[in-house]
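> Pasting the sequence and the predicted coordinates here, then a few questions.
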Amino acid sequence: MSVSVLSPTRLLGSVSGLLQVAFLLTLVLLLLKAAQLYLRRQWLLKAVREFPSPPSHWLFGHIQEFQKDQELQQFQKWVEKFPCACPRWMWGSKVILVVYDPDYMKVVLGRSDPKNHGSYRFLAPWIGYGLLLLNGQTWFQHRRMLTPAFHYDILKPYVGLMADSVRMMLDKWEELISQDSHLEISEHISLMTLETIMKCAFSQKDSIQTDRNFFYQNDIIYWLTPDGRWSQRACQLAHQHTDRVIKLRKAHLQEEEELEKIRRKRNLDFLDILLFARMKNGSSLSDKDLRAEVDTFMFEGHDTTASGISWILYALASHPQHQQRCRQEIQSLLGDGASITWDHLDQMPYTTMCIKESLRIYPPVPMVGRELSKPITFPDGRSLPKGV
């Protein structure tokens, strides 16, 4: 009988050999990655060579150019110095061509390039892959399905519902302003726009503005949880709220009287269109797709609208002479009428111009991102290759 014992020397030699192999393999992979990044950077430098920009660090890009809370001011300096567009290096192998010329934008937005995944993916946990984040054929399918929800015959009755929600908000303001000379309006406007879209697009009957189980603060939705605690987990609560809205509407559609009434309607609300698409063809819209479209329409819709309204009021307050002209125009239009109607909307040219100008200066969505699916040539002859 013989016993073979592995000596400590041989054991250490085996471990050392494995470490050497692992080290060499890691080194080779790092060198390959470095070469890949170098070649990518060289390609990008060549791609944007026609567009001048401030000097950038080979690794950190323009990060040192943008101090905290000074990004907009820095961009304004670039806009004045570099016409039409300017490359911004995020890091060594990542560059974005920032376009701020209207004629340039027309060329980009007139094409069907996909959305830039890197710029939009951070929204996915919040609103899912609905119309805002979808691309290609799936986007066209969803858009075609939802187009009837934006028919004028559907939108006209919404003006009255919007006016009711605004009136409720103004009544609250009158009460609050009697207690304090200052009032933070943006949070109230957010609740008002959320209530409006809930009533118009999702057939919600109750008022969000008076719901004690729900409030909005610092751009976060707070919801009273079953254990009686206020939670501020924004994404999770947004999904819970969406699920609740869908569940309630499904329950209504299961009632024969309500279902028949819906079927007799010539035009359907946003959520009814989605649910009927499911009823006609169960495979047309998954539960995940359904929630993503509702999340996108509800939260992106009300939040951007609230931001736009808040900045419009700020802009008017900053320019009293324009505010007074808007007030006079609306007062002369309404006369003794209690509220604005659909027919009034195209009879307010000066107010409309002020709204559009405010949206130009303070856009709720200040940028969109695209990734070129084919080369592009701009009006001044400068061009970019596919992939930028």
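It's in.

> Contacts for stretch 192-210 next, please.
Contact with stretch 192-210 is made by 149, 158, 161-162, 165-166, 168-169, 172, 188, 191, 214, 216, 245, 248-249, 252, 269-272, 294, 297-298, 301-303, 305-306, 309, as judged by C-beta atoms under 8 Å, 6 or more residues apart in numbering. (Each C-beta comes from the backbone N, C-alpha and C, glycine too.)

> My error: substitute stretch 286-301 in the last question.
Under the contact criterion C-beta under 8 Å, 6+ apart, stretch 286-301 has outside partners 126-133, 142, 146, 193-194, 197-198, 201-202, 238-239, 241-243, 245-246, 270-271, 274-275, 278, 285.

> Low-confidence ranges, the stretch 251-388 of the chain, go.
Residue ranges of the stretch 251-388 of the chain with pLDDT under 70: 253-268, 277-284.

> What are the boundaries of the helices in it?
For the stretch 251-388 of the chain, helices defined by DSSP state H, counting those that start in this stretch occupy the ranges 256-264, 270-280, 287-295, 301-318, 320-334, 349-361.

> Tell me how far the residue nearest the centre of the chain lies from Thr351.
The centroid of the chain falls nearest to Glu300 when counting by C-alpha atoms, centre = their mean (5.4 Å). Going from Glu300 to Thr351 by C-beta to C-beta, to the nearest Å gives 25 Å.

> Same check on Glu80?
Counting by C-beta to C-beta, the gap from Glu80 to Thr351 is 31 Å.

> swap in Trp342?
15 Å.

> Looking at those two, which is more packed in?
Using other C-beta atoms under 10 Å as the criterion, Trp342 and Thr351 rank with Thr351 on top: 21 against 13.

> Skipping its backbone neighbours, what lies nearest Met348 in space?
Take Met348 and drop its neighbours on the chain: the residue closest to it by C-beta to C-beta, 6 or more residues apart in numbering is Glu329, 5.8 Å away.

> What ranges does the stretch 51-200 of the chain have for its strands?
Taking DSSP state E, counting those that start in this stretch as the criterion, the stretch 51-200 of the chain carries its strands at 85-91, 94-99.

> Pull out the buried members of the contacts of stretch 286-301.
Buried subset of those (neighbour count, 16 or more other C-beta atoms under 10 Å): 127-133, 142, 146, 193-194, 197-198, 201-202, 238-239, 241-242, 245-246, 270-271, 274-275, 278, 285.

> quick one: contacts for Met105?
Contacts of Met105 (C-beta under 8 Å, 6+ apart): Val99.

> what's the pLDDT at it?
We have a pLDDT of 94 for Met105.

> Okay, Ala22 and Leu29: tell me how far apart.
For Ala22, the distance to Leu29 (C-beta to C-beta) stands at 11 Å.

> Please apply the same query to Leu176.
Relative to Leu29, Leu176 is positioned 62 Å away (C-beta to C-beta).

> what's the answer for Glu71, then?
Using C-beta to C-beta, Glu71 is found at 35 Å from Leu29.

> One more: Tyr120?
Look at Tyr120 and Leu29: by C-beta to C-beta, they are 30 Å apart.

> Have a look at the two and say which one is more surrounded.
Neighbours were counted for Tyr120 and for Leu29 using other C-beta under 10 Å; Tyr120 has more, 16 against 10.

> Could you list which residues are in contact with that one?
With C-beta under 8 Å, 6+ apart, Tyr120 has these contacts: 132-133, 369.

> before we move on, the earlier item: need the helices of the stretch 251-388 of the chain in a markdown table (columns: distance to Leu44).
Shown next, in a markdown table, are these (distance: least, C-beta to C-beta, whole Å):
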| stretch | distance to Leu44 |
| --- | --- |
| helix 256-264 | 53 |
| helix 270-280 | 41 |
| helix 287-295 | 33 |
| helix 301-318 | 32 |
| helix 320-334 | 44 |
| helix 349-361 | 31 |
